[in-house]
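> Return atomic coordinates for the entry below.
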Amino acid sequence: MFSMIRIMLLVWSPWMAALNPLRSDAQAVPARRTFDNVILPAMEQPDSSEDSAESRRIAPIVIGFVGGSVNRDGTPHPEIQLGKELRRRYSSGVYLEVFGNHHREAAHRQVLQWLDTNADGALSAEEKRQARVIIYGHNSGASEALALARELGHRNIPVLLTIQVESIAKTGHYDGSIPPNVANAVNFYQPDGLLHGCPAIAAVDPYRTKILGNFRMNYSDQPIRPGDSSWFARLFIMSHIQIEDDSHIWQQAAALIDEQFGQPTATNPAQAPND
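Prediction:
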């Protein structure tokens, strides 16, 4: 009797499957978006309510640091203007904030908060793995950018890119050494005057960090008209002022950020002057 039932099931199963295309193991699984080249809005939630908080894709993070005694609300300065341009490009698709160069710890706390998707006060290995962080800075702000990258490295948080423009090391800082948690790093500097930037950056671990370039800028042949500055600055640190107002550098910075976030760009950072 059982043998006869078994034979009937074997015979009828293929026919029943053909008549029932919606059985659970034949259902089409909806395609999920891949995120390699997509910028998600910062607050977008996953499609399924059953997904855990850690499975949500964390939006890219951009942190900027202004130089000297510049207030982060000082809108004419290029560090702030770059932040505004990135906000325009990516809308709510990135977490972005520009800090004063004395507020590194506030920037550090902000990055940790953004990465903590489940708000449990601790970063899991998955939350760290998803981190896509870019840090840029000018003058002493560039020194702070590297200091923040090192702090994130102490927590095993990767950094996609650091951008240093005319980096002036703060006391106790060394702005020429790129920590191994940084995947890519670039340095723009000029060598003239009383104040001049770090001439060369190098990777602590060349197998983990790619130095995109140490680009030496020269303004003797093609000077740039600086913005509002004192007579002392114009007399003794003219080149130091000009590199800040060099729009070409900030365009290169924006292009590098676009590349890291998978956005097409017509600007090749390798074309930056290096003479």
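> pretty sure residue 161 contacts residue 254?
No - look at residue 161 against residue 254 with C-beta atoms under 8 Å: they stay out of range, at 11.9 Å. Placement of C-beta: from N, CA and C, glycine included.
> quick one: which of the two has more around it?
Shown here are residue 161 and residue 254; by other C-beta atoms under 10 Å, residue 161 has more neighbours (24 against 19).
> Can you say which helix or strand has the more buried one in it?
Using DSSP states H and E, residue 161 sits within strand 159-165.
> packing partners for that strand?
Based on contacts counted as 3 or more C-beta pairs under 8 Å, 6 or more residues apart in numbering; DSSP states H and E, the elements that strand 159-165 packs against are strand 133-138, helix 140-154, strand 182-189, helix 247-260.
> contacting residues for the nearest residue to residue 140 once chain neighbours are set aside?
For residue 140, ignoring the flanking residues on the chain, the nearest one in space by C-beta to C-beta, 6 or more residues apart in numbering is residue 101 at 4.7 Å. Each residue near residue 101 by C-beta atoms under 8 Å, 6 or more residues apart in numbering is listed here: 65, 66, 67, 68, 137, 139, 140, 141, 143, 144, 170.
> Only the buried subset of those, as a ChimeraX command please.
In ChimeraX syntax, the buried subset of those is picked out as below (16 or more other C-beta atoms under 10 Å):
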select :65,66,67,137,139,140,141,143,144,170
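> Quickly name whichever of the contacts of residue 101 is closest to residue 97.
Closest approach to residue 97 among the contacts of residue 101 (C-beta to C-beta): residue 65, at 10.2 Å.
> How about that closest one: what's its closest non-neighbour residue?
Distances taken as C-beta to C-beta, 6+ apart place residue 141 nearest to residue 65, at 3.2 Å, with adjacent residues excluded.
> The one you found reaches residue 77, doesn't it?
No - Residue 141 is beyond contact range of residue 77, at 9.9 Å (criterion: C-beta under 8 Å).
> list residues touching both of the two?
The contact sets of residue 141 and residue 77 overlap at 66, 67 (C-beta under 8 Å, 6+ apart).
> and residue 220, how many neighbours?
Per other C-beta under 10 Å, the neighbour tally for residue 220 reads 8.
> burial measure for the residue nearest to it when sequence neighbours are not counted, as a count.
The shortest distance from residue 220 to any non-neighbouring residue, by C-beta to C-beta, 6+ apart, is to residue 192 (7.7 Å). As a burial measure, residue 192 scores 16 neighbours (other C-beta under 10 Å).
> And the one 5 residues further on, by the same measure?
Look at residue 197: counted by other C-beta under 10 Å, it has 25 neighbours.
> I'd guess it is in a helix, am I close?
No - the assignment for residue 197, made by DSSP: H, G, I helix; E, B strand; the rest coil, is coil rather than a helix.
> Show the contacting residues for the residue lying closest to it once chain neighbours are set aside.
Sequence neighbours aside, residue 189 is the residue nearest to residue 197 in space, at 3.3 Å (criterion: C-beta to C-beta, 6+ apart). Going by C-beta under 8 Å, 6+ apart, residue 189 touches 164-167, 196-199, 214-217, 243.
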